[in-house]
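# One predicted model, sequence on top.
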Amino acid sequence: MAAAEIDGFVAPGFEGVRDAFAANFESHGEVGASFCLYHRGEPVVDLWGGVADPATGRPYERDTCQLVFSTTKGVVAICANRLMDEGRLDPDAPVAEYWPEFAQAGKQDLPVRWLLSHQAGLPVLDVTLTLDETLRWDPVVEALAAQAPIWEPGTKHGYHATTFGWLVGEVIRRVTGQSVGEYVAEHLAGPLGLDLWIGVPEERLGQVAPLVPIDLPDNENVRMVIDQLLGPDSLTGRALRTPCPDLFGGTEGTVDLSMFGDPRVLGAEIPAANGVTNARALARLYSACIDEVDGIRLLSDAQVARAIEPQVTGPDAIMFFPTVLGMGFFLSSGFSNYGGPRGFGHTGTGGSMGFADPDAHIGYGYVMNQLLPNMIGDARTVALTEACYEAVGGVPPAIV
């Protein structure tokens, strides 16, 4: 196999990051990807390489973008934290104060904080919606407003795999009068010059590289375990497929995410799962949360401290792994390798990742088209993270 062509730059001292990025193509099945690192508000690594579309051989280019699944949740969390920083959103206020219809089914006192920390007990809906209804927004948030929690809110946490985006996104809409995609465009992507969308404009669809599906092992026992964990009758599987099984597909030991490449889906707003961006945008975005980037700072130090205060720790009721959650972000732990102990960010299905480390002054972004089945410790990002911390003079905690 020919070595992948790598483009971009690394600052002096960061050559090891380029080596790690190239090694991912040689050793870890990388097809096309981009990686970017900001340090103290400045770009020090900006790399891309490989093949964007294996069907045509189209190369991965500087402005190639990817759908990043749950890495989108980190973007939504930044929006919510920015509104808190501005005094427009109170995490301890009832959700119903901003969204009155949410008071149904005993949820009248449920605070915003519990939406952001996956404690609301709303990871699944009792109703099934069509694809058209799901892409129209209002049917989903109306169903969530009517839904009764499946556990007593605040008593445990469980990953709201799809509903997080609509829940927090509707609060953002009620506070600002803008959809979450509109808010991202005006307040994050526009000022920072990012290729970042929740709802891709039609004229930008050509930048989006198709995803290379997860290739599950051809092993009956492995597929049986996957079906038990992700099948439509399991709570985890239901959480992944809410509210539309046609969108979040896969049964009988398979994971089918092909509908996410449909232009209708890319153009809609599904704020837990359909953000489209590249590594440069993620790194620049997270860097601007902790340092000034070209004069722009998204969150104050005080808000960062509030955002990374652990809200819940321990086993997740949906994913079963022990997790540590802050205000909308996963925090650095054995589940989420975000560098130093105060690192915060979000990872997406298949491997994409964005995070910030306020102590090391790092903003980190990685996206790729080859999805890999790795709940903990993607070998590609583990190697890149280790190389980054070696370059800045510190080694992060061992995760795997």
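Sure, I can see it. Numbers count the residues shown, from 1 in each chain.
# If you tally nearby residues, what's the number for the residue nearest to Gln207 when sequence neighbours are not counted?
In this structure, Gln207 finds its nearest non-sequential neighbour in Cys65, 4.7 Å apart by Cβ to Cβ, 6 or more residues apart in numbering. To be clear about C-beta, it is placed using only N, CA and C from the backbone, and glycine gets the same treatment. Applying other Cβ atoms under 10 Å, we find 26 residues neighbouring Cys65.
# next one: Gly190
Neighbour number of Gly190 under other Cβ under 10 Å is 11.
# Check Leu192 too.
17.
# give me phi/psi at the residue nearest to Gln207?
With angles defined as degrees, to the nearest 10, Cys65 sits at phi -120, psi 160.
# all strands of the stretch 101-250 of the chain, in order?
Secondary structure of the stretch 101-250 of the chain (DSSP state E, counting those that start in this stretch): strands at 196-198.
# ok, the residue nearest to Gln207 to Trp197 distance?
8 Å (Cβ to Cβ, to the nearest Å).
# just Arg306 next, same as before
Arg306 is 27 Å from Trp197, by Cβ to Cβ.
# Between those two, point out the one with more neighbours.
Summary of the neighbour comparison: Arg306 and Trp197, criterion other Cβ under 10 Å, with Trp197 having more neighbours (26 against 16).
# Surely that one and Ala185 touch.
Yes - counting by Cβ atoms under 8 Å, Trp197 does reach Ala185; the two are 7.2 Å apart.
# which residues are common contacts for Cys65 and Trp197?
Arg204, Val276, Thr277 (Cβ atoms under 8 Å, 6 or more residues apart in numbering).
# circling back: now do the contacts for the residue nearest to Gln207.
Asp195, Arg204, Gln207, Val208, Ala209, Val276, Thr277, Asn278, Val367.
# Ok, Arg264 next?
Leu131, Leu135.
# do that again at 10 Å, thanks
Leu131, Asp132, Leu135 (Cβ atoms under 10 Å, 6 or more residues apart in numbering).
# Checking my notes, it in a helix, right?
Yes - using DSSP: H, G, I helix; E, B strand; the rest coil, the secondary structure at Arg264 is a helix.
# how close does it get to Asn274?
11 Å.
# what residue lies at the spatial centre of this protein?
With distances taken as Cα atoms, centre = their mean, Thr71 lies nearest the centre of the chain, 1.2 Å away.
# Pull up the per-residue confidence for the residue found closest to that residue once you drop the neighbours it is linked to in the chain.
Excluding its sequence neighbours, the residue lying closest to Thr71 (Cβ to Cβ, 6+ apart) is Gly348, at 3.7 Å. Looking at Gly348, its pLDDT stands at 94.
# Could you report the neighbour count for Ala11?
The number of residues packed near Ala11 is 15, by other Cβ under 10 Å.
# Oops, could you answer that again for Phe14 instead?
20.
# residue contacts, it?
Applying Cβ under 10 Å, 6+ apart to Phe14 gives the contacts Leu37, His39, Val44, Val45, Leu47, Ala387, Cys388, Glu390, Ala391, Val392.
# before we move on, the earlier item: ok, the residue nearest to the centre of the chain - contacts?
273, 275, 277, 282, 345-355, 365-367.
# In ChimeraX, how would I select the buried members of those residues?
In ChimeraX, this line selects whichever of the contacts of Thr71 come out buried by 16 or more other Cβ atoms under 10 Å:
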select :273,275,277,282,345,346,347,348,349,350,351,352,353,354,355,365,366,367
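# Of the contacts of Thr71, which belong to helices?
Judged by DSSP state H, the contacts of Thr71 include Leu282 as members of helices.
# quick one: common contacting residues for Arg264 and Asn274?
Leu135.
# mind showing which ranges of the stretch 101-250 of the chain have poor pLDDT?
Residue ranges of the stretch 101-250 of the chain with pLDDT under 70: 216-232, 249-250.
# Going along the chain, name the helices of the stretch 1-150 of the chain.
15-27, 71-85, 95-98, 112-116, 131-135, 138-146 (DSSP state H, counting those that start in this stretch).
# mind putting those helices in CSV, distance to Gly295 included?
Converted to CSV, the helices of the stretch 1-150 of the chain look like this (distance: least, Cβ to Cβ, whole Å):
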stretch, distance to Gly295
helix 15-27, 26
helix 71-85, 16
helix 95-98, 31
helix 112-116, 28
helix 131-135, 37
helix 138-146, 36
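# between these, which gets nearest to Met319?
Evaluated with Cβ to Cβ, the helices of the stretch 1-150 of the chain place helix 71-85 nearest to Met319, the distance being 13.5 Å.
# just the strands in the stretch 301-400 of the chain please.
Under DSSP E, counting those that start in this stretch, the stretch 301-400 of the chain gives strands at 312-315, 322-325, 330-331, 344-347, 353-357, 362-368.
# looking at those, which is closest to Gly177?
Judged by Cβ to Cβ, the one of these that comes nearest to Gly177 is strand 344-347, at 25.5 Å.
# now the stretch 251-400 of the chain, which segments are flagged as low pLDDT?
251-255, 375-376, 394-400.
# now the strands of the stretch 301-400 of the chain in TSV, with distance to Ser258?
What follows is the strands of the stretch 301-400 of the chain, written out as TSV (distance: least, Cβ to Cβ, whole Å):
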stretch	distance to Ser258
strand 312-315	31
strand 322-325	28
strand 330-331	26
strand 344-347	21
strand 353-357	22
strand 362-368	17
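# For Ser287, find the nearest of those strands.
Distance to Ser287, taken as Cβ to Cβ, is lowest for strand 362-368 among these, at 2.7 Å.
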